[in-house]
Structures are given as C-alpha cells and as structure tokens.
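> can you look at this prediction? I've put the sequence above it.
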Amino acid sequence: MNLKEYLRGLDRTALLRLLELRPDILVEPAPRHWDGLVKALTTQTSLAQALQHLDQDALTLTQALQVLGPGATPTALATTLNSPQPLVNAALSRLTERALTWPTTPTPTQQPPTTSHPAAPHATGNDATASPATASPAATNLPAANRTAADDLTANRGPASHSAVNLPATNHPPATRTAANHWSANPAAEPHLPKSLLPEPHLAYPPRLATWWPTPLGLGAPAADLLAQYPLPEIRALAARHKLPAKGTRAALTQQLAARLNDRPHLTRLLNSLPPAAAELLTTLRAGSPHLDLTDEALTPAAALLLDLGLLLRRGKSAAEVPREVGLALFDHHRHRLTGAPQVVTSPATPELAENQAAVAAAEAVRSATTLLENAEAEPIPALLSGGIGTRELRRLARSFACPPEQAALWLDLVHAAGLLGHHHAGHHVDSYAPTAAYDTWRTQPAAQRWTTLARTWLTLQEAPTHRYTPDGRPIPPTVPNPGPAQTQRQAVLTTYAALPPHRRATPTAVLQALTWHLPLLTASDHNTALTQAAITEAQLLGILAEDQLTPPGAALLHATHLPTSPTATAPTTAVATGIPGPPPPPESATPPPTPTPEPAPTPDAPAVPPDPEAALLAAVTALLPATSETTRLQSDLTAIVTGDPAQHLVRLLDTVADLESSSAARVWRFSPASVRRALDTGATAEDLLADLAAVAPDGVPQPLAYLVHDVSRRHGSIRVVDAGCVLHTADEIQALEILNSRPLARLALRQVAPAVLVSPRPRPETLALLRRAGFTPVGEDFTGNEVPEDQTPRRGRAQPAPWRPEDHVTSPAALAAVLADSTDADEPLDPDTQLRVQAPELPAADRGWLAAAARDGGAVEIVYRGPAGVPAPRVVSDLTLESGIMLAWCHRHETEAHFLLDRVTRARPIAGPVPAGGRPQ
C-alpha cells in the first residue's frame, strides 16, 4: 500500500486530524486531489515543518525507520531501540497521523526482500507513492548472509515476537480506518486467524525524510552506497579478503560484500579478531560520529587495518565511514531508548499573588503601548533608511519609558504588527513611524479591549521582540520582519503552563527542560533556547504569565483563541501544534488536586448556555485593569494628576496645555508658561482653556493655574509673523531690537525695515519655531491680518501591507477534506500564476509573469530581494519551485540552492544577455 492508497483509506476523522497536524497543506492554493495531497505532504518544506513539531521519541523512530528500511516492523523497532512496545506504538501513532510513516499491510504470503543490506535511504523508491518491498515472518528462516538487519532483530525476539504486537484488522473496510488504530489491539477483527499468526504491519516512509538524517541513530551509510565509489580492482581485493569470489560484475561483487558484512556470525568473528587499537578506534567511532578524517595524523595503523578489512569504507579522498552493517553490530541499544514524555517539575502556587502581578503587568503593558503611540503622534519616530528603528532611537525610547531596550522593542513590535503604528514615506524610503488611522479607534476602546488586541497580536508574531537576532547573532531592528520558530515556541510555552495541574507552578527552567523533549529540533540551539526564554519574559510583561503560572487573563486568552491542534493532546483544551501532551498524572507522593464542586443542573426555565469565550476574556481582563478615568485633579503646584487609565479626550487636553512629567500608576502633568502658550497657539483663548479644564476637574481650577493662563494669554500674540519670506512686526520697538540682536535667532538673517518691523528669508513655520525656542511668544498671521492657529491635525502613518503569511491564506481542514472526497485521480498541477497572485500580491503583475514563466519553463530570471536587514539586492535565480510563500531556487551568486520569501521579492525581470556563471551542477 503506497501513500496515496493509505490516504484514501483514512476515515474523515483521521483525514481531518492529518490536515490539522500538517497545516502548511491548507495554504492556498491547496491541493484539490489525492495526487496533489501526496506531493504536498512529501515536499522538503512540508516535511521540515512536520519534523520540527515532533517530540524526541518520534524523531528517534524516524531515524530507526531509515536504519531498518522498508522492511521495518513495530517489533523490530522496539528491539532495535530496546524500548517498551507501548512507547514504540504510541510514537508510531504520532508519525502515522502525520503521514510520516504508514503501514503497507502485507499478507502472510508476501515474499521477503532480496536486498542484501538493511535498507538504504533510497530503498523506499524514487516516488513517494511507490510501495516498498516487505518481509514476512518467514524471513527469519533465511541464511544469515541473505537476512536483513530487520529480520535478524525480529528473529532475536523468538517465535512469539509477532504475537506481542497489536495489529490492525486486515479485513477492516479502508473507508473506516483511522491512523491510530494501526497500532491498537483488535484481535476480534480476524476471527479466522489465531492472534499469533496475524501479519505484523511493515512500514514505509517518504524518501525525502532520509535527507534529514545523514547518520541516523549515529550510523553510517549502507556498505553498498559507500562501495559505489570504489574502483573495481579495490572491490575485488576487498572481496578476496572476505573469502568471496573475486570475479563478477561490480553490482554482483558489491551485493556480495554488503551481504557478507550483514552476516552477523562472520562479522562477529571478524570483530573479535581485531587488535586492541583497531577495536578501540571502532568503539570511539561508535560512541560519536561514524566519520573519520583520513589526514596523515588520523591514518594510523589501526585505521589502515579497518580500511583493509572493509570495517571502514572510504567516502571521497579524505574521509572514511563505518558502514551501517558494522555499526548495527556494534549498536548500543540503550543509547537511543525511548523515554516517553517527561513530567514537568512543579511546586505549590499562590494564585492570589499571580493575579496581583498580572494586574500590574497588564496595566503597564496598556499604558506603555498607549504612551508610545501618543508620543509618536506628537513626534513621529525616526526610521532607518532601510526600514526599522535604529539602536540609538530605541535606547531613547527605552529611557523615556525607564525600561530596557528589549522591552521597548516589545511595545514597538506589538503596535506595529497590530496596525496601530505605520510608516511615513519620503521618496522610496521610510522616513518615520506615526500612528495609523486604526489607532484612533483603538485609543477610544476600554483598556481591556486594548490589552486583548496587544495580546492576540503577540500570539501571532513570528518574531521574538525581546530577542531580535538572527541565528548567527546579527541584530535585526524592531518592526523589520524576522520570521522564525518564535510563534511555535511561544504557543508551546503557554500550552505547557496551561496543562499544569490546578494550583501548581513551574519554573522557566522546568518548562524549558520539558520542551527539549517535546520540541527537540526547536530547542536544540542556543538561539532557539533564547527564543523560548524570550517567550516566557514577554508573557510576563503582558500579564499572561505571573509567578510561574498562567494567569486568569492568560487562560481566558488561550480559551478564546484558536490554536492549531496538539499532536498528542487527548483533550481539546490542551490542543496546540507543539506535541505537548495533556496534564500528566501527579506522582504517587503528590497531593491530589481537590475535586471540583459540580455545578447545579440547569432547570427547565434556565437552560444551560455555554459561556462566550470572548466575553469571558474581556471579563477576566477587566477585573484586573483599572477603570477608565474621565477626570483629573488639578493642584495648586500647577500639576494635574490622573489615576487609572485616562480617557483619550482627557489625554489630548492635558497634552495640549501641560507637559507629561510622570507616567506610572498615576500620570502627572505640569503646567508652565511654555505649555500654556502651546495651547494658545492652537487658537484657543484663556477662557476656552479654563472652561475645558474645569469640565474635567471636579474640584475646580486652582487659582495659581488660572493666574498662569491669564498671564500668558495677555502676552500671547504680542509679536506678529507674516508670510513674505517672512515679516515680523510688533508694537514694542525695544522687543524688536531684542529680537534683531538675539544670537540664537541668527539663523533667521533678520533685517529691520521699520522701527518695529523685521524681515527674514526663512519661511513662517521655521521662524515661529525658532522664536518660541528662544523664549518669545509669537503667533502666525495671514495677509488679511487674521491669526493663523497651529495645525493640530494628528499625523497619521500608512499601515504597511502585512507580509504574505501562510496562515492568512488557508482553507479549513473540513473544506479541504470535502474537496478531496469528491476529487478524481487526474493530475492537476498548480498554476504558478495562481500561486504568485495569492502569495505575492504586492509584486507587480508583469513581474509575477516573469517569475511564473521561469517557474514553468525552468529558466533563469533576475530578482531584487530584500534581505532580513531590509536592504534590496539583485539575484539571478533558476530552477524555481513555489511552496507556501517560499520560492526554492538555485542562486547563481552563491552557487547553492536557497529559499526566498516571496513577500521580500520586490522586482523580477528577464535577464539581459547571457545567464551568469554559477549554474546548478548537473
């Protein structure tokens, strides 16, 4: 049974489960037929994403499958890994439901394979749908020289080894088969056969899966693959040393040598006869890498002896490798033993303390994001020429918030990703960042809704704002896209905390240790470990985590947000695409959690209504955040104090007439002559300002503040500025002379044209700004003599079009399952034009046409690609393949295959002249 037949035999539940666990398949344009589904499931990109979400046991099984090859059985896997059969079956179920392996369901009459070595990686065939060769239990009766490693390992378990495996029902209708029941016991399904005679399923896997493990389980390549590089005379000499006939074709001699190395009695005798130095070298290679560099220092007499005996085989001119057959004979069965999911180490928690800390953090998050946008409204944030915010500006923002730069980067990334902070453009470059039109709506919402917007945006970020570095340590400025596994790790962290028993907490170290088993590929490097730690830090800054536990707003957020289904979760409440299981059972010494009190049954007059997750989320956040303040307290020391979350109209008023002095639990504004003058510049009068202040001050306006407003108002406008390049006139001749001789105003190049009239070549806005900076109080005036108030229209940036994200262009699993059920077997290749139209909408139509033509014809095309730092650079690429927002192509500049994100391709055009050198090697 090949992969296509296996997929078509899945029932609807199993197919939906597969599509949920492989969400990249749902990205439009999604496959519309079974052949397309097989192709999509076996691409390099899709397999890479699937492997990244596997736990340690499942990853170990993928390597063991490659070692044993297409003849592998669950029993052979358990023997090879020296692991309990239930753990092997459970891990196989996780692989099967992802279509990373599938049973070939052999019959008892199938013949054993004739291959002489234990399954080379390519033994599954050149096509993903090719049915691999399978072996029957009768293979254990073959001569040792013709048995495979899988057969030997199965034979070691004795005659009853096949009866110990839980088998699928071979006469079960394919339409109702699930992925999991391949490994579940169902002896009643075969009433005509004794359980001991039921055939054990043999396993196949996608051929490309083997490319991930160049040394599966620490073993080298099969002997036949290594011998393919040897000259025929050397193969004949090696055959003679193993007492084999030295005559025959290369293929026949290679097969005989591989079979000889797979002959356990012969190999055991050979290994036992080795001198101590050669045996020690083999032991060292077994414990580490099977590769050996053949430098002058490494080519010891022991290494030379192993090469002569074929226990080491050359790979190229300067390296050698222990053949897989020899490695299996020396294999440490305890080294790769399956362990099962580890329990997270927990300790008693204090929910009340966590709620208090969450309240402080959530309020600070809303305040920081709001203040950032308010400041950007008054003074847009300068941007780098290539986009993003530079280190100097980031540090300035951090100082204004009294927080580390990483924390300021978090607020910048959140408001930018939420569409609240956009770009001001000057020519082809981003000039600055300012609030967008969406900010006006967001700012009027209650604090709970604003927090929900920020928290949900954080869940979907593909970057870690507090750790903005590439894997090689290069910094990436805030707001510049830096896709990576941060989103997956973030969801894994939250799901781990959500799965903790009630009233228990887990330290970040304990969670990270658990994730090293659940997501080993995503936590293997220091960079990825830092991303996981950043997820915990950011969750604490948002109030989602506190005191090493999930807070009520965090729990409500997860409940109200749809996350991908967990591969191993048994309950929907712990589902997320991270491989994290549900809460583990408490240890025997642990105190069991209290039994929850059952809710009273609903009466006929009050039917049970499931709670609305959105309403529950807002209620949980509202209970922690302070209420919106509509009023302020004006004090005699010329300050205004607002406790709680100030309303937008109150902030606008106080920002206009006063300067923000402190921004913590309570905001403090201070009135000064300069701030009052700023308010009068907008065209308001003293009476208007005092009336507006009195409307928001229940205790009234104190007398010192009223005196200040009236005093500044009396002096306001004593200097008049007219457009004429411009003209300054005043009724005070002494003041005119003071302005004329003021050193800070030298830039105005003033000239006196009358006793109280001055002219300047500078425009009116610059003249007004310099006069005010020098301490004067001018106003603008038009040609009719009327005062021109300062423009108070908030500056708004343009929201940057969101980069193409696969999750934004997906179909639902149910819809795709329905389409597949009605599909035919006709091959319907996806049209590159359609793919580019969906996945690269910002690219001009003509450029999309050139890319599509290159993808169809295999030709070369020149693109302009914007790298991670935002700097565009030309590239010549060929052999294009489009997959889920990514273009795989041969890069002529670097002479290697490279991945290009389609949303970063800004131009595409045909190549003028001959294609540059550096093409893909044939």
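Now that the structure is in, tell me what you want to look at.

> chain neighbours aside, what residue packs nearest to Val753?
Val759 (5.5 Å; CB to CB, 6 or more residues apart in numbering). No exception for glycine: its C-beta is placed from N, CA and C like everyone else's.

> do the same with Gly867
Nearest non-adjacent residue to Gly867, counting by CB to CB, 6+ apart: Ala873, 6.3 Å away.

> ok, Arg633 next?
If you skip the residues right next to it in sequence, Arg633 has Ile641 as its closest partner in space, 4.9 Å away by CB to CB, 6+ apart.

> returning to what we had before: need the contact list for the residue nearest to Val753.
Taking CB atoms under 8 Å, 6 or more residues apart in numbering as the definition of contact, the neighbours of Val759 are Ala724, Gly725, Cys726, Val727, Leu728, Leu750, Arg751, Val753.

> shouldn't the residue nearest to Arg633 be within a strand?
Yes. Looking at Ile641 with DSSP: H, G, I helix; E, B strand; the rest coil, it is inside a strand.

> can you pull the pLDDT of it?
For Ile641, the model assigns a pLDDT of 92.

> burial check on it, number of neighbours?
15 (other CB atoms under 10 Å).

> so who does it touch?
With contact set as CB under 8 Å, 6+ apart, Ile641 has these partners: Thr632, Arg633, Gln635, Ala666, Arg667, Val668.

> Ile544 touches Thr561, doesn't it?
No. Shown here, Ile544 and Thr561 do not form a contact pair, counting by CB atoms under 8 Å, at 11.2 Å.

> out of these two, which sits in the more crowded spot?
Shown here are Ile544 and Thr561; by other CB under 10 Å, Ile544 has more neighbours (29 against 16).

> low-confidence ranges, the stretch 401-550 of the chain, go.
By pLDDT under 70, the weakly predicted segments of the stretch 401-550 of the chain are 425-430.

> do the chain as well
Within the chain, the segments meeting pLDDT under 70 span 105-199, 296-298, 425-430, 563-611, 722-724, 791-810, 824-830, 869, 884, 912-922.

> show me it divided up by domain.
Using automatic domain parsing, the domains assigned to the chain come out as 3-213, 223-247+259-329, 361-574, 628-715, 719-776, 830-922.

> same list (these) but as a markdown table, adding distance to Asp822.
A markdown table is the format used below for the domains of the chain (distance: least, CB to CB, whole Å):
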| stretch | distance to Asp822 |
| --- | --- |
| domain 3-213 | 9 |
| domain 223-247+259-329 | 43 |
| domain 361-574 | 24 |
| domain 628-715 | 52 |
| domain 719-776 | 66 |
| domain 830-922 | 18 |
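
> out of those, which is closest to Pro342?
Within the domains of the chain, the stretch nearest Pro342 is domain 361-574; the backing value is 5.4 Å (CB to CB).

> any chance you could read off phi and psi for the most centrally placed residue in the chain?
Most central residue of the chain, judged by C-alpha distance to the mean C-alpha position with CA atoms, centre = their mean, is Pro485 at 2.9 Å. Dihedral angles of Pro485 (phi, psi; degrees, to the nearest 10) stand at phi -80, psi 10.

> residues in contact with the closest residue to it other than its chain neighbours?
The shortest distance from Pro485 to any residue other than its chain neighbours is 4.9 Å, reached at Leu522 (CB to CB, 6+ apart). Contacts of Leu522 were listed using CB under 8 Å, 6+ apart, and they are Gln52, Pro485, Thr488, Gln489, Ala492, Leu515, Asn528.

> quick check, Ala99 in contact with Ala40.
No. Shown here, Ala99 and Ala40 do not form a contact pair, counting by CB under 8 Å, at 10.2 Å.

> neighbour count: the two, which is higher?
Here Ala99 and Ala40 are compared on neighbour count by other CB under 10 Å; more neighbours surround Ala99, at 26 against 20.

> confirm that that one sits in a helix.
No. Ala99 sits outside any helix when classified using three-state DSSP, being coil.

> what sits against Thr101?
If you count contacts by CB under 8 Å, 6+ apart, Thr101 has them with Leu61, Thr62, Leu65, Leu92, Leu95, Leu203, Ala204, Tyr205.

> now stretch 264-273: buried residues?
By neighbour count, with 16 or more other CB atoms under 10 Å as the criterion, the buried positions of stretch 264-273 are Arg264, His266, Leu267, Leu270, Leu271.

> burial count for the residue nearest to Gly316 when sequence neighbours are not counted?
Closest residue to Gly316 in three dimensions, ignoring its sequence neighbours and counting by CB to CB, 6+ apart: Gln229, at 7.4 Å. By other CB under 10 Å, 12 other residues sit near Gln229.

> one more: the one 3 residues further on?
Around Leu232 sit 12 other residues, with neighbours defined as other CB under 10 Å.

> from Ala369, how far off is the nearest residue to it once chain neighbours are set aside?
Across the structure, with CB to CB, 6+ apart as the measure, the residue nearest Leu232 apart from its sequence neighbours is Arg250 (5.4 Å). From Arg250 over to Ala369 the distance is 70 Å, taken as CB to CB, to the nearest Å.

> for Ser713, same thing?
Taken as CB to CB, the span from Ser713 to Ala369 is 36 Å.

> which one's more surrounded, Arg250 and Ala369?
For Arg250 and Ala369, the more surrounded residue by other CB under 10 Å is Ala369, and the numbers stand at 23 against 14.

> isn't that one up against Val415?
Yes. Counting by CB under 8 Å, Val415 is a contact partner of Ala369 at 5.4 Å.

> what is in contact with the two at once?
Taking CB under 8 Å, 6+ apart as the contact criterion, the residues that touch both Ala369 and Val415 are Leu454.

> identify each buried residue in stretch 641-660, please.
Taking 16+ other CB under 10 Å as the neighbour-count basis, stretch 641-660 is seen to contain the buried residues 642, 644-648, 650-658, 660.

> count of neighbours near Gln462?
Residue neighbour count, defined by other CB under 10 Å, stands at 17 for Gln462.

> let the chain start at 44 from now.
From this message on, residue numbering opens at 44, which makes the last subject Gln505.

> for Thr85, see how far away the residue of the chain positioned farthest from its centre is.
In the chain, the greatest distance from the average C-alpha position (CA atoms, centre = their mean) is reached by Pro798, at 70.2 Å. In this structure, Pro798 lies at 89 Å from Thr85, with CB to CB as the measure.

> please apply the same query to Thr539.
Following CB to CB, the distance that separates Thr539 from Thr85 is 31 Å.

> more neighbours, those two?
Set side by side, Thr539 and Thr85 show more neighbours around Thr539, with 24 against 20, by other CB under 10 Å.

> before we move on, what SS does Pro544 have?
Secondary structure of Pro544, reduced to three states by three-state DSSP: coil.

> that one reaches Thr389, doesn't it?
Yes. In terms of CB under 8 Å, Pro544 counts as a neighbour of Thr389; the distance is 6.8 Å.

> of those two, who's got more company?
Shown here are Pro544 and Thr389; by other CB under 10 Å, Thr389 has more neighbours (21 against 16).

> the more buried one: what's it in contact with?
When contacts are counted by CB under 8 Å, 6+ apart, Thr389 is found next to Leu543, Pro544, Arg547, Arg548, Ala549, Ala553.
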